[in-house]
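K.L.:
Sequence isn't available, so here's the structure alone:
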């Protein structure tokens with residue numbers, strides 16, 4: 001049996017920090033990381049196989065809409081090029097389209113809700129929850145919000 005191909009995707013910042021905490025697990029598979037291009041993430045190319053999306057902060061809604069559309073199209077191209085079996089994400093907005101693309105192709109989606117959220121959901125969590133094959137929360141209190149989730153504890 002061949003190893004599953006993983007595609008790990010997240011926005012920059014805390015979401016990416018959490019995703020990279022999973023390195024002891026994902027390094028044992030064929031994997032590819034997708035995140036947003038900025039000064040901090042450029043050095044990832046030296047250590048990991050990575051693709052970059054356009055950085056898209058939601059401060060300026062009009063510009064964000066165009067960046068979101070562009071990133072969705074680019075995510076679709078990355079998905080077709082990489083052909084992953086499983087998407088693993090810690091969120092946020094950058095990851096949502098990739099999760100829906102994966103479901104369109106009947107692939108597995110694993111979503112890990114943010115460690116920062118102890119009693120309220122993230123927008124990306126609410127959007128991905130209905131399509132996630134495995135939805136992991138890092139606080140037991142979050143299982144009230146996501147009843148079909150699995151408590152995984154902290155990934156830090």
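P.N.:
That came through, no problem. Bear in mind that the values here come from a model prediction, so they are computed numbers and not experimental data.

K.L.:
use CA for all of it now, contacts and neighbours both
P.N.:
Noted.

K.L.:
low-scoring stretches of this protein, by residue?
P.N.:
Counting by pLDDT under 70, the chain contains low-confidence residues at 1.

K.L.:
Identify the bridge partners of the residue nearest the centre of the chain.
P.N.:
Taking Cα atoms, centre = their mean, the centroid of the chain lies closest to residue 89, which sits 2.5 Å from it. For residue 89, the beta-bridge partners are residue 9, residue 111 (DSSP bridges).

K.L.:
Now do the contacts for it.
P.N.:
Neighbour list for residue 89: 8, 9, 10, 19, 95, 110, 111, 112 [criterion: Cα atoms under 8 Å, 6 or more residues apart in numbering].

K.L.:
of those, closest to residue 84?
P.N.:
residue 8 (9.5 Å; Cα to Cα).

K.L.:
Distance check, the closest one against residue 141.
P.N.:
According to Cα to Cα, to the nearest Å, residue 8 stands 26 Å off from residue 141.

K.L.:
in this structure, which spans are strands?
P.N.:
Applying DSSP state E to the chain gives strands spanning 5-10, 30-37, 50-54, 86-91, 108-112, 134-137, 150-151.

K.L.:
ranking those by burial, who's on top?
P.N.:
With neighbours taken as mean count of other Cα atoms under 10 Å, those reach their highest mean count in strand 86-91, at a mean of 26.

K.L.:
Identify the single longest helix in this structure, thanks.
P.N.:
Identified as the longest helix of the chain according to DSSP state H is helix 61-82.

K.L.:
Flag every buried residue along that helix.
P.N.:
67, 68, 71, 72, 74, 75, 76, 78, 79 (16 or more other Cα atoms under 10 Å).

K.L.:
can you check stretch 117-136 too?
P.N.:
Those would be 121-122, 124-125, 127-129, 131-136, for stretch 117-136 by 16+ other Cα under 10 Å.

K.L.:
If anything else comes up later, I'll come back, but that's it for now.
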